[in-house]
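Peer 1: Build me a model from this:
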Amino acid sequence: MKILAMETSTLVGGVAVVIDGKVVAEESSLRQKSHSENISPFVAHCLKKAQLNLEDIDVFAVGQGPGSFTGIRIAANAGKTFAYSYAKPLVAIDSLMLLAYQARTSKKPVLAIINAYKNMVYLGLFDVSGAEPVFLKGPSAIPVRELKEHITIECVVVGDGWDAYQEHFPDELRAKMSRDSELSDYPLASTLGIMAEMRASRGQTLDWNSFTPLYIRASEAEETKKGILISPLK
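Peer 2: Residues are numbered from 1 along each chain as shown. Below is the predicted model:
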């Protein structure tokens, strides 16, 4: 099975081609504002390296969010356009689950936290003992100061929410958390491609017009209009 995966929901945007469980091409960038500029050349480079054309792809995969509202739409629009144009199925996987899958060798539950800005994080707590992570909590958007109320067990932490806010975590919360420096804090297109192939093999695909972005909170513009203020850290 040939998968073209596009993940642009966070600061790292990327494209990957996965064939029969093997990542044969991947391009990525750490510049969120350039995702819209990079996605087309990344797709072209990955297809060239894999010696494929778009019509050869069996399934298109996109990151569903949560994350940047603009970023989510970049991959979603590309994936939906390709799926429609070539009459191929689509797979959408949320970014918190991708982070948890990247930490699937953990012996502890995995806490994925993505910076939601305004002193908030997108949160997912996962059991990673099975073939695919299972939500124990989330997906949700919570103020950083309330994180201690949601995490009561020892866990491995992944996601850029750690670097953004860990200095504000109380000692009792940090004592429950461990980190692995070898794990990525961003959901990767290659991970998306591997998981998408697993889901597609089970028939868990979508039509191009059935995709729904995972917008857990209102956009910044909507929050500003409603007068929602930045949540204090303390």
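
Peer 1: all contacts plus neighbour counts: C-alpha atoms, from now on.
Peer 2: Will do.

Peer 1: Can you list the strands that the helix or strand harbouring residue 124 pairs with?
Peer 2: Taking DSSP states H and E as the definition, one finds residue 124 inside strand 120-127. Using DSSP bridges, the strands paired with strand 120-127 in its sheet are strand 110-117 (antiparallel), strand 134-143 (antiparallel).

Peer 1: Would you mind giving the ones you listed as JSON lines with mean pLDDT, distance to residue 27 and mean neighbour count added?
Peer 2: Listed next are these as JSON lines, based on pLDDT from 0 to 100; distance: least, CA to CA, whole Å; neighbours: other CA atoms under 10 Å:
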{"stretch": "strand 110-117", "mean pLDDT": "96", "distance to residue 27": "21", "mean neighbour count": "27"}
{"stretch": "strand 134-143", "mean pLDDT": "95", "distance to residue 27": "28", "mean neighbour count": "17"}
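
Peer 1: Can you lay out these as CSV showing distance to residue 37?
Peer 2: Compiled in CSV, the strands paired with strand 120-127 are given as follows (distance: least, CA to CA, whole Å):
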stretch, distance to residue 37
strand 110-117, 23
strand 134-143, 28
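
Peer 1: Just give the nearest non-adjacent residue to the residue nearest the centre of the chain, would you?
Peer 2: Closest residue to the average C-alpha location of the chain: residue 95 at 1.9 Å, with CA atoms, centre = their mean. Once flanking residues are discounted, residue 95 sits nearest to residue 65: 5.2 Å by CA to CA, 6 or more residues apart in numbering.

Peer 1: Likewise for residue 74?
Peer 2: residue 36 (6.1 Å).

Peer 1: Please identify the helix or strand for the one you found.
Peer 2: Applying DSSP H and E as the criterion places residue 36 in helix 35-50.

Peer 1: Can you spell out which helices and strands pack onto that helix?
Peer 2: strand 13-19, strand 22-29, helix 69-86 (3 or more CA pairs under 8 Å, 6 or more residues apart in numbering; DSSP states H and E).

Peer 1: related to what we said a few turns ago, nearest to residue 168, of the strands paired with strand 120-127?
Peer 2: strand 134-143 (11.6 Å; CA to CA).

Peer 1: I'd like to know the average pLDDT value across the helix or strand just after the closest one.
Peer 2: Using DSSP H and E, the helix or strand that follows strand 134-143 in sequence is helix 147-150. For helix 147-150, mean pLDDT rounds to 94.

Peer 1: Other residues contacting helix 147-150?
Peer 2: 169-170, 173 (CA atoms under 8 Å, 6 or more residues apart in numbering).

Peer 1: Filter the residues you listed down to the ones in helices?
Peer 2: residue 173 (DSSP state H).

Peer 1: Select only the buried ones of the contacts of helix 147-150 in ChimeraX?
Peer 2: For the buried members of those, the matching ChimeraX selection, counting by 16 or more other CA atoms under 10 Å, is:
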select :169,173
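
Peer 1: got CSV for the contacts of helix 147-150, with pLDDT and distance to residue 24 too?
Peer 2: Formatted as CSV, those follow (pLDDT from 0 to 100; distance: CA to CA, whole Å):
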residue, pLDDT, distance to residue 24
169, 95, 40
170, 95, 43
173, 95, 40
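
Peer 1: ok, now which ones touch the residue nearest to the centre of the chain?
Peer 2: Per CA under 8 Å, 6+ apart, neighbours of residue 95: 9, 63-67, 187.

Peer 1: Okay then, goodbye and thanks.
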